[in-house]
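A.B. asks: return atomic coordinates for the entry below.
(one chain, ligands or ions: 2)
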Amino acid sequence: MKYNSGFGSHFATECLEGALPVGRDQLIPGQNSPQKCPYGLYAEQLSGTAFTVPRHDNQRSWLYRIRPCVMHTPFKRIQSDNLVRQFSVENDQEPNAECHATPNQLRWSPFEISSEKVDFVQGLHTICGQGSPSSRNGLAVHVYTCNTGMKKKAFYNSDGDMLIVPQDGDFICKTELGNLEVKPGEIVVVPRGIRFAIDFEDGPRRGYVCEIYDRHFEIPDLGPIGANGLANPRDFLYPVAAYEDIEDRYKIINKYQGYLFAAEQGHSPFDVVAWHGNYAPFKYDLSKFNAMNTVTFDHPDPSIFTVLTVKSGNPGVALLDFVIFPPRWMVAENTFRPPYYHRNCMSEFMGLISGGYDAKKEGFVPGGASLHSMMTPHGPDSDVFEAASNEELKPLKLRPDGLAFMFESYLMLSVSKWALEKSANSGGKVLQEDYYKCWQGLKKHFDPSKK
Ligand SMILES: O=C(O)Cc1cc(O)ccc1O
Ligand SMILES: [Fe+2]
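C.D. replies: Ligands and ions are numbered 1, 2, ... in the order given. Model prediction:
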């Protein structure tokens, strides 16, 4: 598949030569909205930021399509019981939309994939979050488990951007602006409003989603690291224009103020023949991440592994940091190498894409998750502590097959009733009620007579 590359770039892409009105002749000068567009296309602007934000933050694209998006039947509300609509409300009337505050360490075994036919949108379940889409503040963390592609169906999210982290199974992220092939070990971001479908050959798929209700994803500043390193801009891949000219019934699903709505139209929504601009979906292969870490001693804070960030209003404080723990060399001398014991003024939701994670010997497995909330103590389990306190500190390639990630937020996250009580399709739950026990074996080593 062909891609454009370069984080946040301004792209111009067309399937038919001259479909972009860029002034190739006297009749159609370089403009966005000519009186008549080439090939009889309609021009449509898609704004991802307010018209008036400063130039360096401004995001919009111009789409040249067979029909404008507006041509559909009125939206009607459909079932959205699996999604928490508003986190600030403790006891919502919506079934399954309840969420609760808990300071406990939480860990989930892998989320089960239903045997009934479920597509990406139907298979989305909220785990935790805070804030509300209507007031444009906060975020939600969901898991998706599904087994069938979205055929003749497109989804768009009015509530915010979605970062999708596949864990099991690849898919095509088919969007208005073109297609992205995504597999576990890669991520895809679909910004607010862009119509897309997650399509694949039938079979199990599972992954994680972080939905942000304000702003957009950025690659973090590098400070003293310099001009290169971590996620490099050129490794972010954007679609080239790809259109289909199909007259058939299509369903458009919209997430709006936390509810789902459905409308119909008589043609494919993937009918954009050309587009230009800087508001577009993108993918990134996490194996391209150029990790930085200590070459002397001590365990740096995990912010060193930030792939993407979403700023809050406060300098240096993230609404969301998307952090990974990739395979890497561990060389720290005279150091307890796994993550330290800690309490954080941020919330830490973690998932595991493959392999294992250095703070936990067992229990944290691919397709599962954990949540350590604001000031909730956590760290290595007792087995890891004993082993890491006594291991010989040779250079070690850590977990060549291991890939964990963290959604870290300055918000206090509420947890959905589904995640606390109903998270297994078989009727039980995958929440591990005995998680706290992994720390109960920590021994007292204190001896005032031995330094
Ligand atoms: O809790 C965790 O496992 C995530 C984490 C990893 C790390 O290397 C340092 C701090 C931290 O919160
Ligand atoms: Fe942590």
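
A.B. asks: can stretch 353-361 be found next to ligand 1?
C.D. replies: Yes. Against ligand 1, stretch 353-361 shows contacts by Cβ under 6 Å from any ligand atom at A359. Yep, even glycine has a C-beta here, placed from its N, CA and C like the rest.

A.B. asks: tell me the gap between that stretch and the middle of its chain.
C.D. replies: Per Cα atoms, centre = their mean, to the nearest Å, the displacement of stretch 353-361 from the mean C-alpha position of its chain is 20 Å.

A.B. asks: what does the stretch 151-300 of the chain have sitting close to ligand 1?
C.D. replies: Counting by Cβ under 6 Å from any ligand atom, the stretch 151-300 of the chain comes close to ligand 1 at H299.

A.B. asks: figure out the helix or strand that the residue in the stretch 151-300 of the chain that ligand 1 sits nearest to lives in.
C.D. replies: When distances are taken as Cβ to the nearest ligand atom, the stretch 151-300 of the chain reaches nearest to ligand 1 at H299, 6.0 Å away. Assigned by DSSP states H and E, H299 belongs to no helix or strand.

A.B. asks: what of the one 10 residues further on?
C.D. replies: Applying DSSP H and E as the criterion places T309 in strand 306-311.

A.B. asks: buried stuff in that strand?
C.D. replies: Under the neighbour-count criterion of 16 or more other Cβ atoms under 10 Å, strand 306-311 has T306, V307, L308, T309, V310, K311 buried.

A.B. asks: cool, and stretch 328-341?
C.D. replies: Neighbour-count burial for stretch 328-341 flags R328, M330, V331, A332, T335, F336, R337, P338, P339 (criterion: 16+ other Cβ under 10 Å).

A.B. asks: and if you look at stretch 99-118?
C.D. replies: For stretch 99-118, the neighbour count (16+ other Cβ under 10 Å) marks C99, Q105, L106, R107, W108, S109, P110, F111, E112, I113, V118 as buried.

A.B. asks: and what of stretch 222-239?
C.D. replies: L230, A231, N232, D235, F236, L237, Y238, P239.

A.B. asks: now it, how far from the chain's geometric center?
C.D. replies: So, by Cα atoms, centre = their mean, the centroid of stretch 222-239 is 18 Å from its chain's centroid.

A.B. asks: please save the CA atoms from it in CSV.
C.D. replies: C-alpha atoms of stretch 222-239 as CSV (Å, rounded to 0.1, in the frame of the first residue of the first chain):
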residue,chain,number,x,y,z
LEU,A,222,12.7,16.4,22.6
GLY,A,223,14.4,19.0,24.8
PRO,A,224,18.0,18.1,25.4
ILE,A,225,17.7,14.9,23.4
GLY,A,226,18.1,17.0,20.3
ALA,A,227,16.6,17.0,16.8
ASN,A,228,16.2,13.3,16.4
GLY,A,229,14.9,10.3,18.4
LEU,A,230,11.9,8.7,20.0
ALA,A,231,9.1,8.8,17.3
ASN,A,232,10.6,10.5,14.2
PRO,A,233,8.2,12.5,12.1
ARG,A,234,9.0,10.7,8.9
ASP,A,235,7.8,7.4,10.2
PHE,A,236,4.2,8.6,10.5
LEU,A,237,2.3,7.4,7.5
TYR,A,238,-0.8,9.0,6.0
PRO,A,239,-3.1,7.6,3.3
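
A.B. asks: got a list of contacts for that stretch?
C.D. replies: Stretch 222-239 is contacted from outside by 3-9, 11, 13, 175, 177-180, 219-220, 280-285, 288-292, 305-308, using Cβ atoms under 8 Å, 6 or more residues apart in numbering.
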